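Visitor: heads up, no residue letters with this:
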């Protein structure tokens, strides 16, 4: 079981059901499945493959969720970047995690650019791919990234494969990373459901 399977499942069983509501925008399960397939294929067209790290510098938004799910399906690894960090701190995390691409909300463009400009080539960041990350609100960027191919990428992703690399704030030294697998995130979700008694009777 990988986390992308949940989107696939509900898009079949409840295609028109509300999945995400952001302000006055509602996304159904089938729409989210289609959108994340296209995004995964768009990232693949840029050279992203299973195991590649993709940093995202953004607040909470629909695009963050879409990128995470596209990553589940493609087998890439999301590296969430804290918007409160300095360029130097972000630069360390981007380099240390081995990001091949960084996507940033345009409102954070100056911060992203300052962090990326100081990276050495040996850090493995593909500068061509990295430059796709500066678009106000993600709107145009997301449209450009999304492929016309809506087929599921069908990458073989197992519960032991890494879904996220999360970093501490580094208040007592350099940030430390935690690598969370699909199985880790699934177990945490199940525990939260049980702890909060969210299972309907």
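Guide: Now that the structure is in, tell me what you want to look at. None of these values were measured; they are calculated from a predicted model.

Visitor: element containing the residue sitting nearest the centre point of the chain, please.
Guide: Nearest to the geometric centre of the chain sits residue 68, at 3.2 Å (CA atoms, centre = their mean). Taking DSSP states H and E as the definition, residue 68 sits inside helix 62-74.

Visitor: OK, contacts around residue 33?
Guide: In this structure, residue 33 makes contact with 7, 8, 11, judged by CB atoms under 8 Å, 6 or more residues apart in numbering. (C-beta placed from N, C-alpha, C; glycine too.)

Visitor: can you rerun that using 6 Å?
Guide: Shown in contact with residue 33 (CB atoms under 6 Å, 6 or more residues apart in numbering): 7, 11.

Visitor: pLDDT score assigned to residue 183?
Guide: Listed pLDDT for residue 183 reads 84.

Visitor: Pretty sure residue 158 is one of the things it touches, is it not?
Guide: No. Assessed by CB atoms under 6 Å, residue 183 is found out of contact with residue 158, at 8.3 Å.

Visitor: So for these two, which sits in the more crowded spot?
Guide: Shown here are residue 183 and residue 158; by other CB atoms under 10 Å, residue 183 has more neighbours (16 against 11).

Visitor: where's the more buried one relative to residue 108, distance?
Guide: Distance, residue 183 to residue 108, by CB to CB, to the nearest Å: 31 Å.

Visitor: a strand runs through residue 180, doesn't it?
Guide: Yes. Per DSSP: H, G, I helix; E, B strand; the rest coil, residue 180 lies within a strand segment.

Visitor: Report the separation between it and residue 110.
Guide: Distance, residue 180 to residue 110, using CB to CB: 30 Å.

Visitor: repeat for residue 48
Guide: Computed as CB to CB, the residue 48 to residue 110 distance reads 25 Å.

Visitor: the more surrounded of those two?
Guide: residue 48 (22 against 12).

Visitor: mind checking the SS state of the more buried one?
Guide: Per three-state DSSP, the local secondary structure of residue 48 is coil.

Visitor: Not counting residues beside it along the chain, what's closest to it?
Guide: residue 76 (5.5 Å; CB to CB, 6 or more residues apart in numbering).

Visitor: residue boundaries of the helices in the chain?
Guide: In the chain, the helices defined using DSSP state H lie at 4-13, 29-45, 62-74, 87-97, 109-117, 127-130, 139-145, 182-195.

Visitor: what mean pLDDT does the second one have?
Guide: It stands for helix 29-45. With pLDDT averaged residue by residue, helix 29-45 scores 94.

Visitor: buried stuff in that helix?
Guide: For helix 29-45, burial by neighbour count (16 or more other CB atoms under 10 Å) applies to 29-30, 32-44.
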